[in-house]
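A.B. asks: Generate a structure from the sequence data that follows.
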Amino acid sequence: MIAKSELLINSDGSVFHLHIKPEHLADTVIMVGDPERVSMIGAFFDSFEDEGQSREFRHFTGTYKGRRMTCVSHGIGTDNIDIVMTELDALANIDFETREPRAEHRRLTLLRLGTCGAIQPDIPLGSPILSQVSIGFDCLMRWYENIGKINLQDYEDDFVRHMDWDAAGLPRPYFVKASQKLIDYLSDWTVPGMTISAPGFYGPQGRVLRLGLAMPDMLEKLESWRYDGRRITNFEMESSALAGLAAHLGHDATTICCAIANRYAGESNTDYKPYVSKMIQTALDKLAAL
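C.D. replies: Residues are numbered from 1 along each chain as shown. Have a look, this model is predicted:
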């Protein structure tokens, strides 16, 4: 039995942070950072059965073209993904009455839709980038056992050498591949990506305002690294934890982000909602047909 202190359940039977009840979780889950983007996604839906909000965690469950889906906002950062992914898995795979794991595993399909900054010169603003491999600068997955089960160690070793990483005194990154099923299914309309999940928006993504960086030439080194036919394409702040936790817990997950800035070119577009809307509708159509 899982103790009450480890799995917190609200008095109405919903999970502690998300305030979702087990019966209101669909097998297909759309994840977004901004709670306002939940409304943007909901505008495409045909019907709703449940919705609510607690802190930055806003959610609804409804149907789109006959497919039942849940949409939930997670806020910013891999620490929030740790909360959201763990509670979604608990809703799917733990009996809230007995507080024990269910005998039969329920596999979820999770797609995070977000925004990012591209770091390669040939990726135009507005491009949807699919995180086929995610690089965790955040250390979250190192708090869980068996990181070797999910970490692409050969990627990590080559990356650390190329970047002269240890000399900067930084914690070692980890590399996680997304669900191959979703990579195959979503690759026909996205840019193939190797995505960095940074534990901050400024210094960890190489931005300098008033503080200097431990690795001043980080962007140039990131742009030039190649391994196994892949290159680093973009920065965001959540995909590594999503891919890592999903792999450990037995779910299919990946991230698609719309590029709203290009760090190489020094360009950005704050009027990016039309690009994001197009990405959302295309993703929903694909999920509905999955």
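A.B. asks: residue boundaries of the strands in the stretch 151-290 of the chain?
C.D. replies: 174-177, 191-197, 226-227, 230-231, 234-236, 252-262, 267-268 (DSSP state E, counting those that start in this stretch).
A.B. asks: looking only at pLDDT, what's the mean for the second one?
C.D. replies: Read it as strand 191-197. Strand 191-197 shows a mean pLDDT of 98 in the predicted model.
A.B. asks: Any idea which residue is closest to the centre of this structure?
C.D. replies: S239 (3.2 Å; CA atoms, centre = their mean).
A.B. asks: contacting residues around that residue?
C.D. replies: R112, S131, S134, A178, T195, S197, T254, T255, C257 (CB atoms under 8 Å, 6 or more residues apart in numbering). Yep, even glycine has a C-beta here, placed from its N, CA and C like the rest.
A.B. asks: so which of these comes closest to E51?
C.D. replies: Ranked by distance to E51 (CB to CB), the contacts of S239 are led by R112 at 19.3 Å.
A.B. asks: Apart from its neighbours in sequence, what residue is nearest Q53?
C.D. replies: P35 (6.7 Å; CB to CB, 6 or more residues apart in numbering).
A.B. asks: where are the low-confidence patches of the stretch 151-290 of the chain?
C.D. replies: Of all residues in the stretch 151-290 of the chain, none has pLDDT under 70.
A.B. asks: one more time with 90
C.D. replies: Filtered on pLDDT under 90, the stretch 151-290 of the chain yields the residue ranges 262-272.
A.B. asks: count of residues packed around the residue nearest to Q53?
C.D. replies: Residues lying near P35 (other CB atoms under 10 Å) number 17.
A.B. asks: Could you pull out the helices in the stretch 151-290 of the chain for me?
C.D. replies: Counting by DSSP state H, counting those that start in this stretch, the stretch 151-290 of the chain has helices at residues 153-163, 180-186, 218-224, 239-249, 273-289.
A.B. asks: Just send the ones you listed back as TSV, with distance to L88 too.
C.D. replies: Formatted as TSV, the helices of the stretch 151-290 of the chain follow (distance: least, CB to CB, whole Å):
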stretch	distance to L88
helix 153-163	27
helix 180-186	16
helix 218-224	31
helix 239-249	9
helix 273-289	16
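A.B. asks: Among those helices, which comes closest to C71?
C.D. replies: Evaluated with CB to CB, these place helix 273-289 nearest to C71, the distance being 9.8 Å.
A.B. asks: Go through that closest one and flag the buried ones.
C.D. replies: Y275, V276, M279, I280, A283, L284, K286, L287 (16 or more other CB atoms under 10 Å).
A.B. asks: Please compute how far it lies from its chain's middle.
C.D. replies: Remark: helix 273-289 is offset 16 Å from the chain centroid, using CA atoms, centre = their mean, to the nearest Å.
A.B. asks: can you pull the contacts of A241?
C.D. replies: T78, I81, D82, M85, G136, D138, L140, M141, S197.
A.B. asks: So which of those sit within strands?
C.D. replies: G136, S197 (DSSP state E).
A.B. asks: Where helices are concerned, which of the contacts of A241 count?
C.D. replies: T78, I81, D82, M85 (DSSP state H).
A.B. asks: Just send these back as TSV, with neighbour count, pLDDT and distance to L245 too.
C.D. replies: Formatted as TSV, the ones in helices among the contacts of A241 follow (neighbours: other CB atoms under 10 Å; pLDDT from 0 to 100; distance: CB to CB, whole Å):
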residue	neighbour count	pLDDT	distance to L245
T78	25	97	9
I81	28	98	7
D82	20	98	7
M85	26	98	4
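A.B. asks: Out of those, flag the one nearest to A261.
C.D. replies: Taking the ones in helices among the contacts of A241 together and measuring to A261 by CB to CB, the closest member is T78, at 20.1 Å.
A.B. asks: Was I right to think that closest one contacts F137?
C.D. replies: No. Counting by CB atoms under 8 Å, no contact exists between T78 and F137, whose distance comes to 9.1 Å.
A.B. asks: Check the contact lists of these two and give me the overlap.
C.D. replies: S197, P199, S240.
A.B. asks: Most neighbours among the residues you listed, please name it.
C.D. replies: Going by other CB under 10 Å, S240 tops the shared contacts of T78 and F137 with 31 neighbours.
A.B. asks: who does L130 bridge with?
C.D. replies: Listed beta-bridge partners, L130: P192, I256 (assigned using DSSP bridges).
A.B. asks: What's the local residue count around it?
C.D. replies: Residues lying near L130 (other CB under 10 Å) number 22.
A.B. asks: Perfect, I'm done here.
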